[in-house]
Each structure stands twice: as C-alpha cells, then as structure tokens.
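# Sequence and computational prediction follow.
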Amino acid sequence: MAAIQPFVLRWGIISTGGIASAFVKDLLVDPKTRAVHDVVHKVTAVGSRSVEKAQSFIGENAGGDKSIKAYGTYGEVYADKNVDAIYIGTPHTYHYINALDSLKAKKHVLCEKPVTSNAAELRSLLATAKEQGVFFMEALWTRFQPLALEVKRIAEEGSLGQPVVLHADLSGDFDIYNIPKTHRILDPDLGGGALLDLGPYPFIWAVLALYEHPSNKLAKPSNTIASMVKTPLTGVDRSTAFTLTFSPSSPSASNTLAAQAILSCNINVAAYPTGVVIRYERGNISIAAPIYCPKSFTVQYYEPGKSSTIAREETKHFDYVGRGMHFQADEVARCVRDGKSESELWGHDKSLLEMDVFDEVRRQGGYKFPPGVEKVV
Ligand SMILES: NC(=O)C1=CN([C@@H]2O[C@H](COP(=O)(O)OP(=O)(O)OC[C@H]3O[C@@H](n4cnc5c(N)ncnc54)[C@H](OP(=O)(O)O)[C@@H]3O)[C@@H](O)[C@H]2O)C=CC1
Ligand SMILES: O=C1OC[C@@H](O)[C@H](O)[C@H]1O
C-alpha cells in the first residue's frame, strides 16, 4: 500500500528579526523528531526592508538554501505564488498592516503576539480574513506545546476539583536603563512596555485554566482590574498587574466557575523560577519558568479534606528538538490542509478576548499610544 504523503505548507517570512530567526529554525526541524508525520514545512520566501538582510537571514537560518527567495520588500512575499502562509515577526504596531496586506493577497496568516495593537484592529483583520476565506491565527505558541496540552488534561480530568485562583507572572530584565529608547520594549511607537510584549503569556495560562475550563462555558471574565507603573524613560508600562474574575452570570447560569486570575509582567526584573501556580479545590499545579515554553510542571494533591497537607505530588518533564515554536506551525498546516479558518486551540475568540482585556488594562493604567499608532480605533 502506498504511504500517505504529508501535507506541505509553504511559508513566506516577514522580517528578519530575532523571533523570525527562531521560528524559521524551528520550521526546519524534521517534524518526525516530535512524532509528527502528517505535515511538513517548507520556507519558500523571506521578506525584509533590505534584500541584503533577507539574503543573510537565509544564510544564517536556512543554510543558504537557494530555493528560498530573498526579497527586499514585504510586498513581494505577499505576491509570491509559491507562498501559502505568511509568518509575521515585525514589532507589535506593524502586525495590523502586515497581516492586512497578507490577507488581501489571500494568504493564510500566523501573526506574532500581541496580534494587534488593539481590539478594533483585530476585528478589522478578522473581517478581512473571513471575506478572503483564509486562515488567521495569533502565534501564541505556548498553547500548542505538549506541556500545555498535558496541564489541561490533568486540570480537567476531575481529581483536582474546581480551579480557585491562578497566579502567573512573566518578567524579563531588558536592561532598560542601558538600551536605546528606540528599542521595541521601550518605544511607544512600537507598542513598548510589559503588557503588550509579556502580558500575552500570563494571559494564555488564565485562558487555558479558567476561560476554557468546562465549568466556565467560555464565559468572558465578569470583571477586570488593572494597574500600571510607567517608566519615566519613555512613559511605557514598566510593570503591569491585572486580575480577571470569572463568576456565574446569574445564580441559575450554566457557567458555574468562580475563580480569579492574578496576572503580572515586568520589564526590569528577571523571571521568577515558578511562573504559574494554579490552585484547585483539591491540589495545585505549579509550572516552571519560562512560562512561554516551560519544560516541567508539578501537580500536588491534597490529603482528602485538608488543603494544608500534600498527600502526593508528581513532576512531569518535557523535551523535544527545537525551541517549541514548531507545534503552532503544525497546527497552522493542519488547519490549512483541512480548510479551517481558525484553530480550535487558539481561535479568534481568544485573541479577541486578549485584545479586549488589554485595551481595558491600558485604559485603567492610563497607557495611550502616540497618535497614529492605532490604525483602527
Ligand atoms: N513568540 C515569541 O517567543 C516571541 C515573540 N516576539 C514578538 O515578535 C515581534 C518581533 O520581536 P523581535 O523579533 O524581538 O523584534 P526584532 O526587533 O528583533 O525584529 C523585528 C523585525 O521587524 C522588522 N521591522 C519592520 N519595521 C520595523 C521597525 N519600524 N522597527 C524595527 N523593526 C522593524 C525588521 O526586519 P526587516 O528589517 O528585515 O524588515 C526587524 O528585524 C514582536 O511583536 C514580539 O512580541 C518577540 C520575541 C519572542
Ligand atoms: O514573546 C516573548 O517571549 C520571550 C520574551 O523574552 C520576549 O520579549 C517576548 O516578546
């Protein structure tokens, strides 16, 4: 019997920065190393604002593969007939225009986080993706990693009971007093600050453990409270804390979850070793830093009826070839192969919730983008 050929997704890469490089290296990892046999990835084009940069990028990240086109404009990638899907790795505030141009060229899109600067931009992109009949997804790679799938399985299998409270922090020491104020983490024109860059990760754990919990019935948080500390360097948020409360919409509502997520992010201190703690009625799940690609988590089960005593605990470790960005690429390939417009794991509703929450956090924190940064308001 003839072997079934894997589906090949042909990628065009927009920009040649740090994360585009990491993504391409992962795309080129043999999927069989992670037991994936149904899809494979091919990079067919790289677009940069400089053709020399595109050429060097291919040399450094794809062994100088001559079959990959190097372009000195992004537009040539959108127009390339040998590109099925576009990966966007530009700074936050360019995601909207780059994604819009890709969608208008009828390309499927995987766009780095945060998907847009605000919710209005995202709504506009989703409308365009629908009109054009193409797939669109935010690159929230953590949601597709095997560790996240296993945390979700254990959290929902029943032994731990209902979630009560989740604490998640992502911090990173960006050496903010010594880097240029034009660095993307500090520059307000590039959506600088902790919330947009780091906030998606504490948020994704709140979504996985609370929003997606079966007892929540995909109800949005009933309340969001937020506060920001701004850096005088450029006025962007150095530290942001926000809480999301999930509670039944009425005493008879089908969404019965009553739980809170306490989330934070900072750009002037390194990550704490435990990045996420989810407390349940009958135990805890602790996830090791870095929370964007954790390699282990520990589940503790309480002595029955005694939340002060741990009866047993188990730590699970995960390892694979590559950084872990290829799992989201596999999801894109499968969705495109199957004619889907969005992923079931990180679908449009979750990116929309993220941008609605972030808009509200910025409103309460008093963070306004400079005029002209938001392309849709
Ligand atoms: N998933 C993850 O783990 C990570 C995701 N990210 C996300 O990826 C995005 C990019 O981050 P990162 O790779 O660190 O950024 P970099 O600054 O390293 O790269 C951004 C690239 O975007 C292009 N670009 C287009 N317009 C501009 C502009 N006005 N200023 C600067 N660069 C521009 C450049 O490529 P060229 O000159 O070739 O056009 C540049 O190399 C961000 O949105 C961030 O949130 C970042 C890090 C990790
Ligand atoms: O997505 C990200 O994850 C890792 C961080 O260091 C980086 O700044 C951020 O963009």
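Thanks, I have the structure now. Fair warning: this is a prediction, and the values are worked out from it, not measured in the lab. Ligands and ions are numbered 1, 2, ... in the order given.

# for the closest residue to residue 114 other than its chain neighbours, phi and psi?
Spatial nearest neighbour of residue 114, chain neighbours left out: residue 196 (4.8 Å); criterion: Cβ to Cβ, 6 or more residues apart in numbering. C-betas here are computed from N, CA, C, even on glycine. Per-residue torsions, residue 196: phi -70, psi -30 (degrees, to the nearest 10).

# How about the contacts made by residue 196?
Contact partners of residue 196, counting by Cβ atoms under 8 Å, 6 or more residues apart in numbering, are 92, 114, 117, 358.

# Tell me, how many residues neighbour residue 342?
Neighbour count for residue 342, taken as other Cβ atoms under 10 Å: 18.

# could you pull out the helices for the chain?
Along the chain, counting by DSSP state H, helices occupy 18-27, 51-61, 74-79, 95-104, 119-132, 146-156, 194-198, 200-206, 326-337, 348-365.

# Could you point out which of those sits nearest ligand 1?
Among these, the nearest to ligand 1 by Cβ to the nearest ligand atom is helix 18-27 (3.5 Å).

# Name the residues of the closest one that are buried.
Buried positions in helix 18-27, judged by neighbour count with 16 or more other Cβ atoms under 10 Å: 19, 20, 21, 22, 23, 24, 25, 26, 27.

# hang on, the earlier thing: out of the contacts of residue 196, the closest to residue 348 would be?
Proximity of the contacts of residue 196 to residue 348 was ranked by Cβ to Cβ; the top entry is residue 114 with 14.3 Å.

# pretty sure the closest one contacts residue 354?
Yes - contact criterion Cβ atoms under 8 Å: residue 114 and residue 354 qualify, at 7.0 Å.

# So for stretch 157-175, mean pLDDT?
Mean per-residue pLDDT for stretch 157-175: 98.

# What count of nearby residues applies to residue 133?
Around residue 133 there are 10 other residues, counting by other Cβ under 10 Å.

# didn't it look like it was pressed against residue 339?
No - Residue 133 is beyond contact range of residue 339, at 9.1 Å (criterion: Cβ under 8 Å).

# Nearest to ligand 1 among the contacts of residue 196?
Nearest to ligand 1 among the contacts of residue 196, counting by Cβ to the nearest ligand atom, is residue 92 at 4.4 Å.

# Distance to residue 288 added to the helices of the chain, as TSV?
Shown next, in TSV, are those (distance: least, Cβ to Cβ, whole Å):
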stretch	distance to residue 288
helix 18-27	20
helix 51-61	28
helix 74-79	37
helix 95-104	29
helix 119-132	31
helix 146-156	9
helix 194-198	17
helix 200-206	12
helix 326-337	18
helix 348-365	23
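
# If I look at residue 8, what pLDDT would I see?
Here, the pLDDT recorded for residue 8 equals 98.

# residues contacting it?
The contact partners of residue 8, taken as Cβ under 8 Å, 6+ apart, are 39, 40, 41, 42.

# Nearest to ligand 2, out of those: which one, please.
Checking those against ligand 2 by Cβ to the nearest ligand atom gives residue 41 as the nearest, at 20.2 Å.

# Now that closest one: closest residue in space, sequence neighbours ignored.
Nearest residue to residue 41, sequence neighbours excluded (Cβ to Cβ, 6+ apart): residue 27, at 4.3 Å.

# cool, and residue 238?
In space, and not counting its chain neighbours, residue 238 is closest to residue 231: 4.0 Å by Cβ to Cβ, 6+ apart.

# Looking at the buried residues of helix 18-27, which is nearest ligand 2?
residue 19 (6.8 Å).

# Report the contact partners of that closest one.
Counting by Cβ under 8 Å, 6+ apart, residue 19 touches 89, 112.

# looking at it, residue 166 is touching residue 207, isn't it?
No - counting by Cβ under 8 Å, residue 166 sits too far from residue 207 to count as a contact (10.2 Å).

# And the strands in this structure, which stretches?
Using DSSP state E, the strands of the chain run over 7-14, 39-47, 69-71, 85-88, 108-111, 136-138, 163-171, 223-230, 237-246, 259-266, 274-280, 283-288, 296-303, 306-317.

# mind giving me TSV with the ones you listed and columns for distance to ligand 2?
Below are those laid out as TSV (distance: least, Cβ to the nearest ligand atom, whole Å):
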stretch	distance to ligand 2
strand 7-14	16
strand 39-47	20
strand 69-71	25
strand 85-88	13
strand 108-111	13
strand 136-138	11
strand 163-171	8
strand 223-230	18
strand 237-246	14
strand 259-266	10
strand 274-280	12
strand 283-288	15
strand 296-303	18
strand 306-317	21
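
# got CSV for these, with distance to residue 332 too?
As requested, those are arranged in CSV below (distance: least, Cβ to Cβ, whole Å):
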stretch, distance to residue 332
strand 7-14, 7
strand 39-47, 9
strand 69-71, 20
strand 85-88, 6
strand 108-111, 5
strand 136-138, 6
strand 163-171, 24
strand 223-230, 30
strand 237-246, 27
strand 259-266, 26
strand 274-280, 25
strand 283-288, 25
strand 296-303, 25
strand 306-317, 26
